[in-house]
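> My questions are about this predicted structure, shown below with the sequence.
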Amino acid sequence: MAISLSSDTNSLQEPLSQDQAVSTKKIPWNAKWLSGDDATLLDSLKTFADGNLADNGTFKSAVFTAAAKALKDSHKTSGGAPKTAKSCSCHWATLKANCLIVQKL
């Protein structure tokens, strides 16, 4: 239970409820990716790739939406923000770019 002080009178106020105390925690704004998350993302991309490739050499948004659903609780272990279709798409682009760099070595 948290107790707060009034800034203008320095007197004690009512304790914060658990909901209020939880809401004061800093919410991460970016997804954190563990190797297990990478594996889940890649498995999802392989599973839904058939018929869902976009013209630009990547995947349609439905594939990234399915990947985000597969990763829905992964932020609880990684400590970052929940994975969204957009964060899955961005992370796939990063993984793909890194792979291309390694291939050139």
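Received the coordinates, thanks. From a predicted model like this one, the values you see are computed outputs, not experimental measurements. Residues are numbered from 1 along each chain as shown.

> show me what contacts residue 59?
Shown in contact with residue 59 (C-beta atoms under 8 Å, 6 or more residues apart in numbering): 45, 48-49, 52-53, 89, 92. To be clear about C-beta, it is placed using only N, CA and C from the backbone, and glycine gets the same treatment.

> Tell me the span between the first and last residue of stretch 78-89.
Taking C-alpha to C-alpha, to the nearest Å, stretch 78-89 runs 18 Å from one end to the other.

> what secondary structure does residue 62 sit in?
Here residue 62 is recorded as helix under DSSP: H, G, I helix; E, B strand; the rest coil.

> which residue sits closest to it, ignoring its sequence neighbours?
Nearest residue to residue 62, sequence neighbours excluded (C-beta to C-beta, 6 or more residues apart in numbering): residue 52, at 5.9 Å.

> closest to residue 68 among the contacts of residue 59?
Checking the contacts of residue 59 against residue 68 with C-beta to C-beta, the nearest one is residue 89 at 9.2 Å.

> so who does the closest one touch?
Residue 89 neighbours (C-beta under 8 Å, 6+ apart): 58-59, 61, 64.

> got those residues as TSV, with pLDDT columns?
Converted to TSV, the contacts of residue 89 look like this (pLDDT from 0 to 100):
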residue	pLDDT
58	83
59	90
61	90
64	94
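
> quick one on the thing from earlier: could you identify the buried members of the contacts of residue 59?
For these, a burial check counting by 16 or more other C-beta atoms under 10 Å picks out 45, 48, 89, 92.
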